[in-house]
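1. give me the fold of what follows.
(chains A and B)
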Amino acid sequence: DTGVSQDPRHKITKRGQNVTFRCDPISEHNRLYWYRQTLGQGPEFLTYFQNEAQLEKSRLLSDRFSAERPKGSFSTLEIQRTEQGDSAMYLCASRAGTGGSLETQYFGPGTRLLVL
Amino acid sequence: GESVGLHLPTLSVQEGDNSIINCAYSNSASDYFIWYKQESGKGPQFIIDIRSNMDKRQGQRVTVLLNKTVKHLSLQIAATQPGDSAVYFCAETRDTGRRALTFGSGTRLQVQP
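-> Modelled structure (predicted):
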């Protein structure tokens, strides 16, 4: 257990429905990342927060995706009008800061999404 | 749980042997590299990291080697155990500020008892 938690662990939804995932990072970590992983591939970067500010979004993050980190602690990732291609594992990671071991990203267990 | 990496390259070793997993990274500007272990149904687990100003770093039973000339990274696991069976990913990053990771394609390690 890395200390990063994600909820739910599994989500099955029908195409067109909205889903929301939550990530609780390690408590002293002010940097938070979302990644997406499909079967047979490594995780791909989606978006990055420093405290409550969303500083970078990947081109993978279409307009149907939105992420927030309102108080600089937990984060949510929402997918609107889900499509079958959204089926993947959604991973959250956090790190403490800049320099040395502070830069190591620790991952949560992921949320497995299946869109029917 | 579901499998991670259904069509990944596979390295099969005998318990007690040493394992070497290789990775070619893509960006010559990358300055920080990490190896992660991922078991089925779980998130990636940090193993060891190395910065570009080093060419070798050792941990407990693991060693990472970095060859910047050919953009190659390797992970050596000594006395491989059944619990080491997993998919291993290398990841690279640059840009001290954001540090978004770019992952390699992964290698499945199977340890035969």
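2. and the residue of chain B nearest chain A?
-> Per C-beta to the nearest C-beta, B:F103 is where chain B lies closest to chain A, at 2.9 Å. In this view, the C-beta of every residue, glycine as well, is placed from N, C-alpha and C.
3. and for that residue, the neighbour number?
-> Around B:F103 there are 22 other residues, counting by other C-beta atoms under 10 Å in any protein chain shown.
4. could you report the pLDDT at the residue lying closest to it once chain neighbours are set aside?
-> Nearest non-adjacent residue to B:F103, counting by C-beta to C-beta, 6 or more residues apart in numbering or on different chains: A:G42, 2.9 Å away. Looking at A:G42, its pLDDT reads 93.
5. pull the contacting residues for A:G42.
-> B:F89, B:A91, B:F103, B:G104, B:S105, B:G106 (C-beta atoms under 8 Å, 6 or more residues apart in numbering or on different chains).
6. may I see the buried residues of stretch B:87-105?
-> B:87-93, B:99-105 (16 or more other C-beta atoms under 10 Å in any protein chain shown).
7. from those, which single one is nearest A:R31?
-> Comparing these against A:R31 with C-beta to C-beta places B:R99 closest, at 7.4 Å.
8. look up the residues forming beta bridges with the closest residue to the closest one other than its chain neighbours.
-> Nearest residue to B:R99 in three dimensions, chain neighbours excluded: B:T93, at 5.0 Å (C-beta to C-beta, 6+ apart). For B:T93, the beta-bridge partners are B:Y32 (DSSP bridges).
9. so for B:T93, what's the pLDDT?
-> 89.
10. was I right about the residue of chain B closest to chain A contacting B:Y88?
-> No - counting by C-beta atoms under 8 Å, B:F103 stays clear of B:Y88, with 10.8 Å between them.
11. overlap in contacts of those two?
-> B:Y36.
12. related to what we said a few turns ago, which members of the buried residues of stretch B:87-105 are the farthest-apart pair?
-> Longest span within the buried residues of stretch B:87-105, C-beta to C-beta: B:V87 and B:R99, 22.2 Å.
13. what sits up against the helix or strand of chain B with the lowest mean pLDDT?
-> Using mean pLDDT, DSSP states H and E, the weakest-scoring helix or strand in chain B turns out to be strand B:102-103, at a mean of 92. Outside of strand B:102-103, the residues within contact range by C-beta under 8 Å, 6+ apart are A:41-45, B:25-27, B:30, B:36, B:89-93.
14. could you count how many residues lie near the closest residue to B:S52 other than its chain neighbours?
-> In this structure, B:S52 finds its nearest non-sequential neighbour in B:D31, 4.2 Å apart by C-beta to C-beta, 6+ apart. B:D31: 15 surrounding residues under other C-beta under 10 Å.
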